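> below: sequence and its predicted model.
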Amino acid sequence: MQRLPSANRLAPNQSGWGFFLCTEKSIRAGRGSDYLALTLQDATGDVVGRVLDNVERFRDEFDAGEFVKVQGRAQSFNGRLQFVIENIRRVMLGADSQDRREGFNEDVLVPTAPRPLDEMWAELQQLVAGLGDPHLRALAGHLVQANEQRLRIWPAARSVHHGYRGGFLEHVLKMAEAGRALAGLYDADTDLVVIGALLHDIGKLLELDYQASTSYTREGNLIGHVTLGALTVNEACRSLQGFPDALRTEVLHLVLSHHGAKEFGAPVEPMTVEAVILAKVDELDSELNQIRRALDEPGGEGEFTSFQPRLGRSFWKGPPK
């Protein structure tokens, strides 16, 4: 049996075996019996997986968050590709395991930001060093150093936008770049916009748990990243000697208002020019990332992408090449 292509090249009626990361696993009720509903992922995308037969045999063979070896056939179901699994088990991770000899490699199964992680990390260091206000520079430096291990690899979300290794860094750096440009155009405080970009989602380092796949922590579910971020920033400000109280309040306002409106989860709405810029840039970068991913996905109808439920429309791919 032949090896399967990558997730983004899998087509109906292709059969074979391959390695994937199982990011989601649940038991669902079918018409006649229960089945396993899975999301299988590699660096190119993900595919719906279904175990329809021998559910009791396979349900304990692996868990969500584990790498798996699968065998089966792809098919179209209700207009969407799914992979019907005949055999599945967790991957043998040993350095000289059979799976390694057959080509298993974690790096090709975990989606990663298009920019090199070390390059983005160096840019982050430059951004912190370039802050003109010494208090904001000290705050950024303190939080970056304290969270270096997570900042280097964390996704920006579980699935909505920048939901891959290094996505957090990619998101905040692009926001800082765009925010700095807009601050210059609208005579806003550039340092405040940049620190807002760097720290607005700092709570996601506590909200999300990231190994090879992403899940929510207890604190993430019960408190949420906006509040976690505000608590983190407030504690950091108070730990820095001489940090101005008014400046602390301004930075906290940036974190608390970055969702832009109460209906979108912001405890307060933006009430400074810098907070308005930050919220708009956050929304823009999030939406454009979703659109770019949709444009890169196979499928759709002719020149248009498939319908994107979160954005409420399809997008034009351009004329045929």
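Done, it's in.

> please make it C-alpha for all contacts and neighbour counts, starting now.
Fine.

> tell me who's in contact with the closest residue to Phe304 other than its chain neighbours.
Of all residues not flanking Phe304 in the chain, Trp316 sits nearest, at 4.5 Å (C-alpha to C-alpha, 6 or more residues apart in numbering). For Trp316, the contact set (C-alpha atoms under 8 Å, 6 or more residues apart in numbering) comprises 295, 303-305.

> which of the residues you listed lies closest to Asp189?
Leu295 (35.0 Å; C-alpha to C-alpha).

> what's the burial count for the closest one?
19 (other C-alpha atoms under 10 Å).

> wait, a helix at it?
Yes. Assessed by DSSP: H, G, I helix; E, B strand; the rest coil, Leu295 belongs to a helix.

> show me the contacts for it.
Neighbouring residues of Leu295 by C-alpha under 8 Å, 6+ apart: 305, 315-317.

> cool, Val273 as well?
Residues in contact with Val273 (C-alpha under 8 Å, 6+ apart) are Ala188.

> what's the helix or strand for Thr23?
Taking DSSP states H and E as the definition, one finds Thr23 inside strand 15-29.

> immediately after that strand, which helix or strand?
strand 34-42.

> okay, the angle between that next one and strand 15-29?
130 degrees (axes from the mean of the first three to the mean of the last three C-alpha atoms, to 10 degrees).

> dump the C-alpha coordinates for strand 34-42 into CSV.
Output of strand 34-42 as CSV, limited to C-alpha atoms (Å, rounded to 0.1, in the frame of the first residue of the first chain):
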residue,chain,number,x,y,z
ASP,A,34,-20.8,5.3,17.7
TYR,A,35,-17.8,6.4,15.6
LEU,A,36,-14.6,8.2,16.3
ALA,A,37,-14.4,11.8,14.9
LEU,A,38,-10.8,13.0,14.5
THR,A,39,-8.9,15.9,13.1
LEU,A,40,-5.6,14.8,11.5
GLN,A,41,-3.0,17.4,10.8
ASP,A,42,0.4,17.9,9.2
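
> for the helix or strand just after it, the distance to its chain's centre please.
Next helix or strand after strand 34-42 toward the C-terminus (DSSP H and E): strand 45-51. Here the centre of strand 45-51 is set off from its chain's centre by 18 Å, with C-alpha atoms, centre = their mean, to the nearest Å.

> just stretch 278-297 next, same as before
Distance of stretch 278-297 from the chain centroid (C-alpha atoms, centre = their mean) equals 12 Å.

> show me what counts as buried in that stretch.
Buried residues in stretch 278-297, counting neighbours by 16 or more other C-alpha atoms under 10 Å, are found at 278-282, 285-286, 289-291, 294-295.

> same question for stretch 72-82.
Neighbour-count burial for stretch 72-82 flags 72-75, 81-82 (criterion: 16+ other C-alpha under 10 Å).

> keep only those of these that are in strands.
Of the buried residues of stretch 72-82, the ones assigned to strands by DSSP state E are 72-75, 81-82.

> by pLDDT, give me the weakest of the residues you listed.
Looking at pLDDT alone, those dip lowest at Leu81, where the score is 86.

> surely that residue meets Arg50?
No. Using C-alpha atoms under 8 Å, Leu81 makes no contact with Arg50, being 10.9 Å away.

> much appreciated, bye for now.
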